[in-house]
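Peer 1: I'll drop the sequence and a predicted model, then ask my questions.
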Amino acid sequence: MKKCLFGLTLSSILLIAACGDENSNDAEAFNDDNFKESLEAGTFTSIKKEDIDFTETSGDMTITINSIEVADFDYNEEYYGYYDGPNEATAVILDLSIENTSDEDLFIHPDRSTITTNTGNQMEASLNFTDTTFINDDFFANVTKNGKVYFLTERIEDDIESVRWIMNGVTNDARQEVGEKIDVEIDL
């Protein structure tokens, strides 16, 4: 009986060790739950930040850009390969306040917006870093949401001096556009 118990215990240990070795360096082994509990994916190092108070409207939505930041981003080694792209990047970060001034529920998508830079780069919003406040596109009547939208691309060595931000306009429950497209130029 002791031999059987010892053999079963040893087999279990070897099986667990083999599974651990198989996934230890595999970046795809991260699932969403592990990712949220893991150490941060990397380090943002600010290059420049401008506090601005730029407000634009789209229908009954008031969109305020509180600040814009350009930062270098270096992934921690354990995340290499988890995200598509290089191990280092340049990030443009918009800190936003968006208010629905209507008595109706409205929809807008900062998490699906795009920026272009004076350096000739075009970047889509990154769902991996953007605040979850903006990943859900619904803005119920008379609410304000605050958060940051992150745009990442391969490392840009040139100085980013201006950013153009493009976002589709506000829609209603029927997904009909009820506000103008946002298309603004921001100087840094």
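Peer 2: Here it is on my side, so go on.
Peer 1: not counting its neighbours along the chain, what's nearest residue 179?
Peer 2: residue 59 (2.7 Å; CB to CB, 6 or more residues apart in numbering). Any C-beta I mention is one placed from the backbone N, CA and C, and that applies to glycine too.
Peer 1: the one you found contacts residue 176, doesn't it?
Peer 2: No - Residue 59 sits out of contact with residue 176 when judged by CB atoms under 8 Å, with a separation of 10.6 Å.
Peer 1: the more surrounded of those two?
Peer 2: residue 59 (19 against 8; other CB atoms under 10 Å).
Peer 1: which stretches of the protein have low pLDDT?
Peer 2: Across the chain, the ranges flagged by pLDDT under 70 are 1-40, 79-86, 136.
Peer 1: the same query, at a cut-off of 80, please.
Peer 2: 1-41, 76-87, 132-137 (pLDDT under 80).
Peer 1: so which residues make contact with whichever strand in it runs longest?
Peer 2: In the chain, with assignment by DSSP state E, the single longest strand is strand 42-58. Strand 42-58 has contacts (CB atoms under 8 Å, 6 or more residues apart in numbering) with 62-76, 79, 91, 93, 108, 160, 169-170, 179-182, 184, 186, 188.
Peer 1: show me the residues you listed that map onto strands.
Peer 2: 62-75, 91, 93, 182, 184, 186.
Peer 1: of those, just the buried ones, ChimeraX syntax please.
Peer 2: Applying 16 or more other CB atoms under 10 Å to the ones in strands among the contacts of strand 42-58, the buried members can be selected in ChimeraX as follows:
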select :63,64,65,68,69,70,71,72,73,75,91,93,182,186
